[in-house]
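J.: quick one: sequence and predicted model below, then my questions.
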Amino acid sequence: MKSMDELESILSRGVDSIYPSSKLLLEKLRKQKLRIYLGIDLTSPNIHLGHSIILRKLAQFQKLGHKIILVFGDFTGMVGDPSGKGTQRKTLNREQVKENSRLYKNQIEKIIDFDKDPPDIVFNSDWWNKVSANQILDMLSHFTVQQLLERDMFQERLEKKRPIAASEFLYPILQGYDSVAIDTDMEVGGTDQTFNMLIGRDFMKIYKNKEKFVLTFPLLEGTDGRKMSKSFSNTIDLNEEPNQMFGKLMSIKDDLIVKYFTLLTDVGLEEINKIEESLKTKTANPRDAKIKLASEIVKLYHGELAAKSAKAEFERVFQKGAAPKPTQLEKPKDIDRAKLVDILIWSRLIESKGEARRLIEQGAIDVNGDKITEDREIPLRGTVIRIGKFNSIEFVESLKEIK
């Protein structure tokens, strides 16, 4: 049997669907360099491993000389993408979108090369702020209400008599036109974005008389087995501390091990197949497979030394029953006491005050060994705060004191 070349491998591993077909895309990729676009939803400042699946694929295309374009949805982010949402999604203000875009870029640099042929970064407000009412009416004229209502999430809401905001209803039009504005050859995204991306494909035919290819990627389950999402508090983020990342990876369900290896690591498929077979035949312990998985992923984002250290810490805490070593953070100047919610935000381990309050109420936070179930002022100096199973922090006057 003929072995796959690099392009065929890129188009098969981790890819869910290709529109209109993998054969046509393969021919196109071999003939010319493409402009490949990813639209980025800025509703969260953090990139999690689910996002990394697509970014890692873009990095592969980038190495082959194709042009990567990242469209930061600062305009559409203020509308709110309804994809996968059973209720109306909260919209963001301009300040939140701007801050999220800055943090997002810092994390993308862990995967995509910003030195050699860096990706183009554009904001869709650049064209949407200039689009006239007549242009919008023309866009809308190409689609029917019935077409837009085909989206699964809208059908679900209608059945449950939940509201659909007009802005959400028109979101596919907004995202779809981005393809025309940047004149893309191909768009990539999760399977939950398929409808929006295919609207963009229609727009390219209408306005540019041009084919647009679409690659979709499977959604990744999080630590609780549901879709990885900030809404479920089950994400593993790229900017998490190595120990935290390692611990969370060790907590995933056993039936996700092979999927994580395939989508999130550079481990060869032959080796992954051997791991899969050993798990099926129960000749290998899932814990050992997870240790290798966690080591591979932590190494990608924090380096080999950090991965080895995180592995040793996991074994020390979870196999030998020792207390986790707290991550030491420098105490803000002139502040000796603060509300627990504010401290959790300073730690950057929790995104929002709402999430911090929820964790406190659930008893997931303890201070110096005591569970805290309501927000209150606590001293910073000499206080160790444990957050869930994997995080422990301690504020010190100066990090120089402990070197």
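T.: Perfect, thanks for sending it. Residues are numbered from 1 along each chain as shown.
J.: CA only for contacts and neighbour counts going forward, please
T.: Will do.
J.: now the strands for the stretch 251-400 of the chain?
T.: For the stretch 251-400 of the chain, applying DSSP state E, counting those that start in this stretch gives strands covering 327-330, 337-339, 365-367, 370-371, 377-379, 384-387, 391-396.
J.: who's in contact with the top helix by length along the chain?
T.: For the chain, the helix reaching the highest residue count under DSSP state H is reported as helix 286-302. Contact with helix 286-302 is made by 110, 238, 242, 245-246, 249-250, 254, 257, 260-261, 264-265, 275, 279, 304-308, 311, as judged by C-alpha atoms under 8 Å, 6 or more residues apart in numbering.
J.: circling back to that earlier point, got the strands of the stretch 251-400 of the chain as CSV, with mean neighbour count, distance to Phe114 and mean pLDDT columns?
T.: Compiled in CSV, the strands of the stretch 251-400 of the chain are given as follows (neighbours: other C-alpha atoms under 10 Å; distance: least, C-alpha to C-alpha, whole Å; pLDDT from 0 to 100):
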stretch, mean neighbour count, distance to Phe114, mean pLDDT
strand 327-330, 16, 29, 76
strand 337-339, 13, 39, 87
strand 365-367, 20, 38, 85
strand 370-371, 14, 44, 84
strand 377-379, 13, 42, 85
strand 384-387, 22, 34, 82
strand 391-396, 20, 31, 77
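J.: for Glu377, which residues are in contact?
T.: Glu377 neighbours (C-alpha under 8 Å, 6+ apart): Arg337, Ala338, Lys339, Leu340.
J.: which of the residues you listed sits closest to Asp183?
T.: For the contacts of Glu377, the minimum distance to Asp183 (C-alpha to C-alpha) is 48.6 Å, reached by Leu340.
J.: picking up where we left off before, and the longest helix of the chain, average pLDDT?
T.: Helix 286-302 comes out with an average pLDDT of 96.
J.: nearest to Tyr19 among the contacts of Glu377?
T.: Of all those, Tyr19 sits closest to Leu340, with 49.6 Å by C-alpha to C-alpha.
J.: next up, phi/psi of the nearest residue to Ile252 once chain neighbours are set aside, please.
T.: Distances taken as C-alpha to C-alpha, 6 or more residues apart in numbering place Thr223 nearest to Ile252, at 4.8 Å, with adjacent residues excluded. When quoted as degrees, to the nearest 10, the phi and psi of Thr223 stand at phi -70, psi -20.
J.: what residues are up against Thr223?
T.: Asn234, Thr235, Ile236, Lys248, Leu249, Ser251, Ile252, Lys253.
J.: which of the residues you listed count as buried?
T.: Buried subset of the contacts of Thr223 (neighbour count, 16 or more other C-alpha atoms under 10 Å): Asn234, Thr235, Ile236, Lys248, Leu249, Ile252.
J.: ok, the third one touching Lys248?
T.: Yes. With contact taken as C-alpha atoms under 8 Å, Ile236 and Lys248 are classed as touching, separated by 6.8 Å.
J.: how about Tyr232: what's its closest non-neighbour residue?
T.: Residue 232: Phe, not Tyr. Arg226 (7.9 Å).
J.: for the one you found, give me the pLDDT.
T.: 93.
J.: ok, now Glu150?
T.: Reported pLDDT for Glu150: 77.
J.: mind checking which helix or strand it is in?
T.: For Glu150, there is no helix or strand it lies in under DSSP states H and E.
J.: what about it, distance to Phe169?
T.: 11 Å (C-alpha to C-alpha, to the nearest Å).
J.: more neighbours, these two?
T.: A direct count of neighbours by other C-alpha atoms under 10 Å for Glu150 and Phe169 places Phe169 higher, at 17 against 11.
J.: the more buried one and Leu148 touch, don't they?
T.: Yes. Phe169 is within contact range of Leu148, at 7.1 Å (criterion: C-alpha under 8 Å).
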